[in-house]
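1. From the sequence below, what's the structure:
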Amino acid sequence: MLDDLRNAANASLEAEDAENENRQFLGLTASQRFMLAALIFVVVTVLCWLLLVLTGRIVLPA
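-> You can find the predicted model right below:
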């Protein structure tokens with residue numbers, strides 16, 4: 001009885017692992033997703049900094 005339960009749990013875990021291996025977000029690998037996230041972070045940071053400068057919240061040193 002316990003062997004059947006253990007086998008069923010292992011089978012479901014193996015099926016889930018196989019499903020996760022084939023799944024990719026936007027067709028990108030892990031390193032490509034990391035680079036995309038890092039570049040988006042840099043772009044948002046620069047744009048927010050420029051917005052603060054343009055609105056006068058931050059004054060550049062002369």
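
2. Please count neighbours and contacts with C-alpha atoms only from this point.
-> OK.

3. what's the helix or strand for the closest residue to residue 59 other than its chain neighbours?
-> Nearest residue to residue 59, sequence neighbours excluded (CA to CA, 6 or more residues apart in numbering): residue 53, at 6.4 Å. Residue 53 belongs to helix 30-54 when assigned by DSSP states H and E.

4. list the buried ones in that helix?
-> Residues of helix 30-54 include none that count as buried (16 or more other CA atoms under 10 Å).

5. Any figure for the gap between the residue nearest to residue 59 and residue 45?
-> 12 Å (CA to CA, to the nearest Å).

6. Please apply the same query to residue 8.
-> Residue 8 is 49 Å from residue 45, by CA to CA.

7. same deal with residue 35?
-> Distance, residue 35 to residue 45, by CA to CA: 15 Å.

8. Equivalent analysis for residue 7, please.
-> Taking CA to CA as the measure, residue 7 falls 50 Å from residue 45.

9. so where's this structure uncertain?
-> 16-23 (pLDDT under 70).

10. at 90 what do you get?
-> Within the chain, the ranges that satisfy pLDDT under 90 run 1-26, 60-62.

11. First-to-last residue distance for stretch 48-62?
-> By CA to CA, the extent of stretch 48-62 from end to end equals 21 Å.

12. next one: it to chain centre, how far?
-> Its chain's average C-alpha position is 30 Å from that of stretch 48-62, according to CA atoms, centre = their mean, to the nearest Å.

13. Show me what it is in contact with.
-> Residues outside stretch 48-62 that contact it (CA atoms under 8 Å, 6 or more residues apart in numbering): none.

14. Need the three-state assignment for residue 25.
-> coil (DSSP: H, G, I helix; E, B strand; the rest coil).
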